[in-house]
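# Sequence and computational prediction follow.
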Amino acid sequence: MHKYTIEIFYSEEDEGYIAVVPELPGCSAFGETEEKALKEIKTAIELWIEAAKKEGREIPKPMGKELLKEVMENIKAKVV
């Protein structure tokens with residue numbers, strides 16, 4: 001299993017939850033609950049990677065920890 005950052009948010013327009021993987025362009029999923037959106041995005045990640053491999057596209061490395069580190073550094077810089 002790949003460890004990509006997953007963002008889940010409620011969409012008033014769609015009346016449900018949208019899950020996206022910022023590191024994988026176009027990788028998103030919908031669920032009526034947060035749990036369903038999470039389950040669907042995990043499937044979407046696997047399908048995205050499978051399609052990228054078949055097409056010979058580069059598969060980005062997960063950047064979750066690096067992104068979190070950058071956010072925390074930015075917060076610290078603003079506090080000081």
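On my side now, so go ahead. Residues are numbered from 1 along each chain as shown.
# Got the phi and psi for the residue most central in space within the chain?
For the chain, the residue whose C-alpha lies nearest the mean C-alpha position (C-alpha atoms, centre = their mean) is V21; its distance is 1.9 Å. Per-residue torsions, V21: phi -120, psi 100 (degrees, to the nearest 10).
# which residue packs closest to I8, ignoring adjacent ones?
Distances taken as C-beta to C-beta, 6 or more residues apart in numbering place A19 nearest to I8, at 4.7 Å, with adjacent residues excluded. Placement of C-beta: from N, CA and C, glycine included.
# Show the model's pLDDT score for the one you found.
The predicted structure scores A19 at 97 on the pLDDT scale.
# count of residues packed around it?
For A19, the neighbour count with other C-beta atoms under 10 Å is 23.
# picking up where we left off before, right, and the residue nearest to the centre of the chain touches E46 too?
No: between V21 and E46 no contact is recorded; they are 11.1 Å apart, counting by C-beta atoms under 8 Å.
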